[in-house]
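**Student:** here is a sequence together with a model predicted from it:
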Amino acid sequence: MGSVLDPRAWLHVLRLVHFYNYSHVGQLRRARIGPGAKIAPNVSLRSGERIEIGARAHVGAYCSLWAGDESRIVLGEDALLGPEVYITASNYEIAPDRPVMTQPHREADVIIGRDVWLGARVVVLAGVTIGDGCVVGAGSVVTRSLPPYSIAVGAPARIVGRRE
């Protein structure tokens, strides 16, 4: 009973509601979302005004789409993101003799084509274009662009086949 009466517990609930609104609801309102797109309620967005989700795309549970301050993320029509996919259009450089928190940013658009399937826990880094019809296997880390209809797996992702 003591925990119910503890004001710190209620303050934490308010912080969670604020965070959820900031990273989910508010950002989702800013994104451009095509008709018929399905987005899990626990998807996290940053810079929603620079995120485009195509018609009939599906963004799975716990995905994170983090556009940069100037770079954008475009998800094509009929694309499918499995659970916990992380896409970022912003990254840090590694400059010598500089603390981690003061490293310069590198931003570049991320373009995911039409009819692309990214498996569970795929990571896509800034500047990558994934061509139409690609399939990326679960747990892969995409550091370079993939041509259309490629099948890629691994960390870093390598092309292992073609989807014809």
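**Tutor:** Alright, I've got the coordinates.
**Student:** how long is stretch 52-61 end to end?
**Tutor:** End-to-end distance of stretch 52-61 (C-alpha to C-alpha, to the nearest Å): 18 Å.
**Student:** what does that stretch rub up against?
**Tutor:** 31-40, 42-43, 65, 72-85, 114, 120 (C-beta atoms under 8 Å, 6 or more residues apart in numbering). In short, each C-beta sits where N, CA and C put it, glycine included.
**Student:** let's test this: mean pLDDT of that stretch, rounded?
**Tutor:** For stretch 52-61, mean pLDDT is 98.
**Student:** Ala152 pairs with what?
**Tutor:** Beta-bridge partners recorded for Ala152 (DSSP bridges): Val136, Ile159.
**Student:** what's the spacing between the nearest residue to Gly119 once chain neighbours are set aside and Gly60?
**Tutor:** In space, Gly119 comes closest to Ala138 once its chain neighbours are excluded; the distance is 3.6 Å by C-beta to C-beta, 6 or more residues apart in numbering. Ala138 sits 12 Å away from Gly60, going by C-beta to C-beta, to the nearest Å.
**Student:** the two: which is more packed in?
**Tutor:** Gly60 (19 against 14; other C-beta atoms under 10 Å).
**Student:** got a pLDDT number for the closest residue to that one other than its chain neighbours?
**Tutor:** Distance criterion C-beta to C-beta, 6+ apart; nearest residue to Gly60, sequence neighbours excluded, is Pro83 at 4.4 Å. For Pro83, the pLDDT comes out at 98.
**Student:** Pro83 against Tyr62, yeah?
**Tutor:** Yes: judged on C-beta atoms under 8 Å, Pro83 makes contact with Tyr62 at a distance of 5.6 Å.
**Student:** which ones are touching the nearest residue to Gly133 once chain neighbours are set aside?
**Tutor:** Once flanking residues are discounted, Gly133 sits nearest to Tyr149: 4.2 Å by C-beta to C-beta, 6+ apart. Tyr149 is in contact with 131-134, 162-164, counting by C-beta under 8 Å, 6+ apart.
**Student:** quickly note the distance from Tyr149 to Ile159.
**Tutor:** 10 Å.
**Student:** Ala9 now?
**Tutor:** Counting by C-beta to C-beta - Ala9 and Ile159 are separated by 51 Å.
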